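J.: pasting the sequence and the predicted coordinates here, then a few questions.
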Amino acid sequence: MSSRCDQTVAWGGLRGHWEAHGRDLDLRTLFAQDPGRFERWAIEAPHVFADLSRARWDVATGQHLLSLARECQLEARRDALLSGQPINHTEDRAVLHTALRAPKGQGPQSYAVHAVLDALLAYVEQVRATAGGTEPGCITDVVNIGIGGSDLGPQMVVQALDAWVHPKLRVHFISNVDGHDLAPLLRTLRPQHTLFIVASKTFTTQETMANAHAARQWFLDQGGTDIARHFVATTTNVEAARAFGISTTFGFWDWVGGRFSLWSAIGLPIALALGAKHFKALLAGAHAMDTHFAQAPLERNLPVWLGLMDLWNRNFHGHSSHCIAPYHQGLRRFPAFLQQLVMESNGKRVDAQGLPLPYATSDVVWGEAGTNGQHAFFQMLHQGTDVVPVEFVLVRRTAHRDEATWSPELRSLMARQHQALLANGLAQAQALMWGKTAQEAARETVPTASKVMAPDVLAQHRTFPGNRPSITLMLEQLTPEALGALVALYEHRTFVTGALWGINSFDQWGVELGKAMCKDLLPRLESGDTRGLDAATAGLLQRLKG
């Protein structure tokens, strides 16, 4: 359909720009030379304000990157995605997660999408209507059993939107096949007031079904008598669910990838937690970002610029990872969610034609909520030998579920804590860029510093190189609409980078090999049969069997 990035004329121009001065760009100099740099690199998208001025690029870099996007026919690729063309060519599938959040009548497959959505939300409101009641069947606890996309997305959203969660519903997430994930939760549940969601498209996912069978056995052991009322499935395998004892199922389609599925029936735990109104608001926020991605010119298109930045950082600056630092405790699982979104999508070594790529693709995504991360790994970010770009996510206004019950004194204290949180986020980005010279360090008096070490040596230990890149994304408040927009922004950004690299961002064959080998090894752990195994696997298996 179009050229891979390294096969374009623009790539050569970008390479020449890099060699001439792009590699030596210094953020401190760039700000000194351009008083309007902040405004120049500020982009407003639905519910998200982005400051890209601390990325290590300049106007010339941006021009070369836009030329690359156009020569790679990025706009045509985007339009193919949004219109439902089978861009997942290795599986001959469309990629239509955007259709899941389009208003009725405005997207591909609209009738089917909204038929499922309407049925799901009707069920949600029925459960929520008696939530917290004391009669048997009134639900107090919802347990979502899934893994990967059927766990990471819903879990992240429910935690992030705690202010909108039903006050009488506790929503739990179980994913690991390790029984130590499920067992502690079971101790806290009452079978007559618990609803289990089994989230598996095929109803065969090993981890999910192992936990589902254990949960059903616990339910029966505890005197549970109505599996059909207390177990529901989000699956396309209705027959297997029925054989399990489940009669209420909500389906989705093969064009819904796991890491893009929270907008589908997989979002059932989100909808139960938030209710129909706020779940629709989450979809609306994502749709607003979809519209921005589809209609904004490349020069002001936020997902496009973030995707271009990823290519610039990875293939020219050589950064092998980037850090996500959301300064909001509700977003503590956001880095984990993005790990799957980015690395499962773009962790590929061949292009669309199956040819080995001569450049790096996905970097490593990692992070932690601020300010916790500052006391864990920010030392390395500031003074380590590797330069790691950081993405700060700031939320201007708080939203607490029970704030109305607080005393004026407590409200004041919590408001001050939020200001401290924001100040920390601003300070870390500032410190990464400016750093501290040895001369500045030598002039400081530090009570904890050694009294016997030579001052010039001590100053070297307290020097910060600076010129370390970051960007800041800002939300007004962490509402369902804003979170929907933020997640959709990262989805489209991931697509943009993959499109430029010429890879298929929507398959995940790398997940399959280990699964297949596990099926072979599992019975061997019981039998002790090591025939045909390599020496290391055989030796370890024998020790594990005992």
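T.: Alright, I've got the coordinates. Numbering: from 1, shown residues only.
J.: the stretch 251-400 of the chain: helices as residue ranges?
T.: Along the stretch 251-400 of the chain, counting by DSSP state H, counting those that start in this stretch, helices occupy 268-274, 276-295, 302-315, 334-339, 345-346, 378-383.
J.: of all the ones you listed, which lies closest to residue 74?
T.: Closest to residue 74 of the helices of the stretch 251-400 of the chain is helix 302-315 (CB to CB; 6.9 Å). Placement of C-beta: from N, CA and C, glycine included.
J.: among the helices of the stretch 251-400 of the chain, which is nearest residue 53?
T.: Smallest distance to residue 53 across the helices of the stretch 251-400 of the chain (CB to CB): 11.8 Å, for helix 302-315.
J.: what angle do the closest one and helix 276-295 make?
T.: 70 degrees (axes from the mean of the first three to the mean of the last three CA atoms, to 10 degrees).
J.: who does helix 302-315 touch, helix- and strand-wise?
T.: If contacts are counted by 3 or more CB pairs under 8 Å, 6 or more residues apart in numbering; DSSP states H and E, helix 302-315 sits against strand 42-45, strand 48-51, helix 59-71, helix 276-295, helix 480-501.
J.: mind listing what's buried in the fourth one?
T.: In this case it means helix 276-295. 276, 278-294 (16 or more other CB atoms under 10 Å).
J.: what does stretch 224-237 give?
T.: Going by neighbour count (16+ other CB under 10 Å), the buried part of stretch 224-237 is 224, 230-237.
J.: hang on, the earlier thing: include distance to residue 200 when you put the helices of the stretch 251-400 of the chain into TSV, please.
T.: Shown next, in TSV, are the helices of the stretch 251-400 of the chain (distance: least, CB to CB, whole Å):
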stretch	distance to residue 200
helix 268-274	13
helix 276-295	21
helix 302-315	30
helix 334-339	19
helix 345-346	21
helix 378-383	38
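J.: now, which of the buried residues of stretch 224-237 lie within strands?
T.: Taking DSSP state E, the ones among these that sit in strands are 231-234.
J.: elements contacting the helix or strand encompassing residue 536?
T.: Here residue 536, judged by DSSP states H and E, is contained in helix 535-545. With contacts taken as 3+ CB pairs under 8 Å, 6+ apart, helix 535-545 sits against helix 512-527.
J.: counting by contacts, list what the helix it packs on packs against.
T.: Where contact means 3+ CB pairs under 8 Å, 6+ apart, helix 512-527 is packed against helix 535-545.
J.: how about the helix it packs on: buried residues?
T.: Applying 16+ other CB under 10 Å to helix 535-545 flags residue 541 as buried.
J.: what's the closest of the helices of the stretch 251-400 of the chain to residue 182?
T.: Judging the helices of the stretch 251-400 of the chain by CB to CB, what sits closest to residue 182 is helix 268-274, at 15.8 Å.
J.: and the contacts of that closest one?
T.: Contact with helix 268-274 is made by 120-121, 124, 127-128, 142, 144, 154, 157-158, 161, 164-166, 169, 171, 173, 195, 197, 199, 232, 234, 250, 262, 279, 282, 480, as judged by CB atoms under 8 Å, 6 or more residues apart in numbering.
J.: for residue 216, give me its contacts.
T.: 196, 227, 231, 244-245.
J.: format the ones in strands among the buried residues of stretch 224-237 as a markdown table; extra columns: distance to residue 150 and pLDDT.
T.: Formatted as a markdown table, those follow (distance: CB to CB, whole Å; pLDDT from 0 to 100):
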| residue | distance to residue 150 | pLDDT |
| --- | --- | --- |
| 231 | 15 | 98 |
| 232 | 13 | 98 |
| 233 | 11 | 98 |
| 234 | 7 | 98 |
